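Q: Take a look and give me a structure for this.
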Amino acid sequence: MSPLVGGLDREGASGSGCHSTCLQLEIWQGCMQEPACVRRLCDDLPAIAVWLCCCCLSLFTASFFFFPRLCLFICPPPSTANSATMAAATAGGSDRPATVVGMGEAMLRFAPLPYDKALPCPEDGAFLRSVGGDELNVCVATSRLAASPGTVAQWISVLPTGPLGDVIAQGARNAGVGLDYTKRIEGAECGTFFVLPEQKTVHYQRRNSAFAQQAPNLFDWPKVFSELHASGPVWLHMTGITPMISPKSRLAWTQALEAAHRLNIPVSVDFNHRKQLGPLGDLWTVMCPQLSKLQVMIVSVTSLKEIAELEGVGNLVPQNSVPLQDPAWRVFQAHMRLRWGLKRLAVCYKTRDESGLQRRWSAVASASGIHTTVDIPVYHRPKDECGGGSAWAAGIIDSLQTHWHKEEVDGDHFKDVNDPGSVKDLRRADLLAALCQETIGDHSTVTREKLLSYEQGNENRPLTIDASQSHQDKILETLATLKKSGILAIIRAKNADAAIARGIELCSLGCRAIEVTLDTTDWKRVLGELVQKLPADVCVGVGTVMDDTVFELPEIAALGGRFALSPINPTGFIDACHAVGLLAVPSGLSSNELWDLHRQGAHVVKMFHAGQVTPKILKSMLGVSPLRALNVAPSGGVTPDNAEDWWDAGACTVGMGSNLAGKDITFAFDTPEYEKAKRDWEQTGLANAKQLFEKVAARFPTDSAQQE
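A: Alright, predicted model coming up:
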């Protein structure tokens, strides 16, 4: 559990040192400034006091006659059913996970397809239709995580009858979400929204939707929650979107929250202010009186700053120049939680670099301090900008409700013994959000098995999503291609144009794998042009990576390189390759060196310099049963004459430089050295290369050749 960033590790208890004491004082001073809704109440206190005195005098007279009966009428003794409900609400005494209830609107979402995937109608464009709605998204993500069959999420909403409402309803059912309490209204409309990537926003059409125009008191919330409670614990999740859709939806939102609070059902709310629906001040007016009833409120950094400005405490907001990773932002978060009297205030933080790589982490401020994943972020490239926030909410709810425990019940309140706002809980939410955005559409497709596979072994370190799955798939695909290549042609050149031409020529002879060394003149241009000009099934990568060029690996991957070789094992080389989807091929010579590289995660190890050993030594080495797991690629001293001997010894492929690619590429055009080497290539080198690749074709047939 992380202590509060900046020295405040317990509510009301300062850390060590003067700085911590001052910080504690600043937080409490900030909290002494009442929210706007409290200040308005205080302005009217004198009139309220007079009115209360008159009421008390009247009530005192009638108290002996009416008060006992009035109390019984308003607060009847708990029935057996209510007691059972309370027992069921205690997750600590039930093996069944809580039923997550999401109350809100879902709409049809239309997003333009990329041009390369669109239908041939450029004047009209093509759109992907999907279903979106924050509360439904949370329910779907929760249902996908279900470890066993059964309904673990109920979405409560209002849909029109007819085909459009059916699309939304069927989508929810297909994900395993229950619709037992969702209403269908005949003749009503379905809300829609359009993603506008150019404007980086969305356009809503929902004013006259079935949900916006729902009848008052359409849902009997005490009955709904009591029936759900009969089967086990319940958790209610809502957002700040719903009360802003219409006055009718605002009434339903308020009634649901207050009914859940009376029944001691934990409630989470994602503030989720949408400017298209109205000013932030209007939403805050609705939200502010309900804050004490929430177990957790999720808010964006932007909204947190805007609310602080709205309440006149903008001085607490860190300057824009302060990076989001700075502890000042977590201290600000702690200020606002204390000010509002929230049990938990959660904030998701995100930054993105120029390449589109997003860094995601989060923090929860609670009575036990601040818990944050700032030091163990998740890196990913979102395939879809929508759905991440909903998945994060589902992830934190999943963690919170699995170890929910209530020890004491006192009227409408209970003591929360466990404070589960731990780093582990936040990491689960961060991971689920990132994994959700690996697919197109609002709805998460992440199963519990998949989520756990990412959690295990990665608890206390940063994690790159695409390096763990899509990059790993790419690496294994490259490995398979390399093993079928037979020959890895090494281009080490001082003439970039000649190098490009030779690579194309070798490919025409049957070469399937080409290495461009980093000491080649203008190697980036050579690599990039070969990737573009050669067929997709030809594997192109780099070689001669040293300690001082490991930093080039991300650009190599961006240029289309698929592997990286080194004559040594540079510091951090294997992990750096895997982080960007490159097959790492470090070098060793002895069986001990090769096995050590294998243990470090290298899928292929380069035997260098192979001229110092013989194929017989490799065969003897691989004859030891554990060492058969090695994929060894001899390089250095390999020639067209001995390549078959290395294959027979068990080499997965062999590297061959000037003995295959020729020496003319190492000289400038129109020099005597170039002309002589060019004649050697034309007279003997070309024929030798052609003959060698004929052997490769016979020994390592491609899938298409095998089918023929």
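Q: now the helices for the stretch 251-400 of the chain?
A: Per DSSP state H, counting those that start in this stretch, the stretch 251-400 of the chain carries helices over the ranges 280-287, 301-310, 327-340, 388-402.
Q: per-residue confidence for Cys18?
A: Cys18 carries a pLDDT value of 31.
Q: ok, now Ala88?
A: pLDDT, Ala88: 39.
Q: returning to what we had before: let's have the helices of the stretch 251-400 of the chain in a markdown table, adding mean neighbour count.
A: (Glycine included, C-beta is placed from N, CA and C.) Output for those, formatted as a markdown table (neighbours: other C-beta atoms under 10 Å):
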| stretch | mean neighbour count |
| --- | --- |
| helix 280-287 | 17 |
| helix 301-310 | 18 |
| helix 327-340 | 22 |
| helix 388-402 | 25 |
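Q: Those helices: lowest mean pLDDT?
A: By mean pLDDT, the lowest-scoring of the helices of the stretch 251-400 of the chain turns out to be helix 388-402, with a mean of 89.
Q: just checking, what packs against that helix?
A: The helices and strands touching helix 388-402, judged by 3 or more C-beta pairs under 8 Å, 6 or more residues apart in numbering; DSSP states H and E, are strand 99-103, helix 134-144, strand 234-239, strand 267-270, strand 296-300, strand 344-352, strand 358-366, helix 423-436.
Q: Extract the C-alpha set from the second one and format it as PDB.
A: It refers to helix 134-144. The C-alpha trace of helix 134-144 is given here as PDB (Å, rounded to 0.1, in the frame of the first residue of the first chain):
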ATOM      1  CA  ASP A 134     -20.700   4.100 -20.300                       C
ATOM      2  CA  GLU A 135     -22.900   2.200 -17.800                       C
ATOM      3  CA  LEU A 136     -23.600  -0.600 -20.300                       C
ATOM      4  CA  ASN A 137     -19.900  -0.700 -21.100                       C
ATOM      5  CA  VAL A 138     -19.100  -1.300 -17.400                       C
ATOM      6  CA  CYS A 139     -21.700  -4.100 -17.300                       C
ATOM      7  CA  VAL A 140     -20.200  -5.800 -20.400                       C
ATOM      8  CA  ALA A 141     -16.700  -5.600 -19.000                       C
ATOM      9  CA  THR A 142     -17.900  -7.100 -15.700                       C
ATOM     10  CA  SER A 143     -19.700  -9.900 -17.500                       C
ATOM     11  CA  ARG A 144     -16.600 -10.700 -19.600                       C
END
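Q: what residues does the following helix or strand past that helix touch?
A: Of the helices and strands lying after helix 134-144 in sequence (DSSP states H and E), the nearest is strand 153-156. Residues from elsewhere that reach strand 153-156 (C-beta atoms under 8 Å, 6 or more residues apart in numbering): 99-103, 106, 135-136, 138-140, 142-143, 172, 176-182, 219, 224, 228, 256.
Q: Just the buried ones among these, please.
A: For those, a neighbour count by 16 or more other C-beta atoms under 10 Å gives the buried set as 99-103, 106, 135-136, 138-140, 142-143, 172, 176-179, 181-182, 219, 224, 228, 256.
Q: Secondary structure element holding Cys652?
A: Using DSSP H and E, Cys652 is not contained in any helix or strand.
Q: Could you report the pLDDT at it?
A: Reading off the model, Cys652 has pLDDT 96.
Q: What of Ser300?
A: 96.
Q: Which strand residues bridge it?
A: Cys348 (DSSP bridges).
Q: mind starting the numbering at 368 from now?
A: From this message on, residue numbering opens at 368, which makes the last subject Ser667.
Q: Test my guess that it contacts Ala713.
A: No. Using C-beta atoms under 8 Å, Ser667 makes no contact with Ala713, being 10.3 Å away.
Q: The two: which has the busier surroundings?
A: Each of Ser667 and Ala713 has its neighbours counted (other C-beta atoms under 10 Å); Ala713 has more, 27 against 17.
Q: how about that one, what does it touch?
A: Contacts for Ala713 (C-beta under 8 Å, 6+ apart) come out as Val663, Met664, Ile665, Val666, Ser729, Ala730, Val731, Ala732, Ile763, Gly788.
Q: Apply 7 Å and report the result again.
A: Contacts for Ala713 (C-beta atoms under 7 Å, 6 or more residues apart in numbering) come out as Val663, Met664, Ile665, Ser729, Val731, Ile763.
Q: Give me the neighbour count for Cys1019.
A: Applying other C-beta under 10 Å, we find 21 other residues in the vicinity of Cys1019.
Q: pretty sure it is touching Ala1000, no?
A: Yes. Counting by C-beta atoms under 7 Å, Cys1019 touches Ala1000, with 5.9 Å between them.
Q: any common contacting residues for these two?
A: Contacts common to Cys1019 and Ala1000, judged by C-beta under 7 Å, 6+ apart, are Val971.
Q: For Asp637, give the beta-bridge partners.
A: Thr606, Ile665.
Q: Can you give me the distance of Val684 to Arg794?
A: Distance, Val684 to Arg794, using C-beta to C-beta, to the nearest Å: 27 Å.
Q: Those two: which is more packed in?
A: Ranked by neighbour count (other C-beta under 10 Å), Val684 and Arg794 place Arg794 first, with 24 against 20.
Q: Distance of that one relative to Val907?
A: Using C-beta to C-beta, Arg794 is found at 37 Å from Val907.
Q: ok, now Glu1042?
A: Distance from Glu1042 to Val907, by C-beta to C-beta: 28 Å.
Q: Which of those two has more residues huddled nearby?
A: Val907 (25 against 13).
Q: I figured that one hits Val898, correct?
A: Yes. Using C-beta under 7 Å, Val907 is in contact with Val898, at 5.2 Å.
Q: Give the intersection of the neighbour lists for these two.
A: What both Val907 and Val898 touch, as defined by C-beta under 7 Å, 6+ apart, is the set Gly927.
Q: can you put the helices of the stretch 618-767 of the chain in a markdown table and add distance to Leu603?
A: Below are these laid out as a markdown table (distance: least, C-beta to C-beta, whole Å):
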| stretch | distance to Leu603 |
| --- | --- |
| helix 647-654 | 15 |
| helix 668-677 | 21 |
| helix 694-707 | 19 |
| helix 755-769 | 10 |
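Q: Select, out of those, the one closest to Pro527.
A: helix 755-769 (22.7 Å; C-beta to C-beta).
Q: quick revisit: neighbour-wise, give me the winner out of the contacts of Ala713.
A: Result: Val731 is most packed of the contacts of Ala713 (other C-beta under 10 Å), 31 neighbours.
Q: and the nearest residue to Ala977 once chain neighbours are set aside, how far is that from Gly978?
A: With C-beta to C-beta, 6 or more residues apart in numbering as the criterion, Ala977 has its nearest non-adjacent residue at 3.6 Å, and that residue is Pro1001. Taking C-beta to C-beta as the measure, Pro1001 falls 9 Å from Gly978.
Q: And Thr938, by the same measure?
A: According to C-beta to C-beta, Thr938 and Gly978 sit 26 Å apart.
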